[in-house]
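Peer 1: Sequence plus the predicted model coming up.
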Amino acid sequence: MTQWTSTQLDKFGRAEEVQIASIRHDGVLSKPVTVWAVRHGDDLFVRSVGGRTARWFRGTRERHEGRIRTGGGQQDVTFVDADHNIDDEVDAAYRAKYRRYTGSILNSVLTPEARSTTIKLVPR
């Protein structure tokens, strides 16, 4: 698998929001949705606030490929199920990056349901 460059990690890891789209079974990109992405070490992670039933999350299960985009660029990615041994560290990354959204907004990415959807984004 390809690794993120430091420039890419900075760009996507610092972005307030990213647009994420999966590649459908017919090879076409789905409609992008806005999500929060966090950096943990040299990796980027996203979670589904709507849990496993959210349409965009279900799309990541089809081909495990897609694209992320932010104002500074875009990157084709592979969606990899995260090792849940790092859930606490990913929680901490969300809390640090989005601390100004305390309360229910921030807590929505920290629920057991959202944690169960943690995806590692790998550039391709």
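Peer 2: Here it is on my side, so go on.

Peer 1: quick one: contacts for the spatially most central residue of the chain?
Peer 2: Nearest residue to the geometric centre of the chain (Cα atoms, centre = their mean): residue 46, 2.1 Å. Applying Cβ atoms under 8 Å, 6 or more residues apart in numbering to residue 46 gives the contacts 18, 20, 35, 36, 37, 38, 118, 119, 121. (Glycine included, C-beta is placed from N, CA and C.)

Peer 1: nearest spatial neighbour of residue 54, skipping sequence neighbours?
Peer 2: Distances taken as Cβ to Cβ, 6 or more residues apart in numbering place residue 48 nearest to residue 54, at 4.5 Å, with adjacent residues excluded.

Peer 1: on that earlier part again, out of the contacts of residue 46, which two sit at the greatest distance?
Peer 2: Within those, two members stand farthest from each other by Cβ to Cβ: 18 and 118, at 15.0 Å.

Peer 1: Compare those two (neighbour count), which wins?
Peer 2: Neighbour count, other Cβ atoms under 10 Å: between residue 18 and residue 118, residue 18 has more, with 24 against 21.
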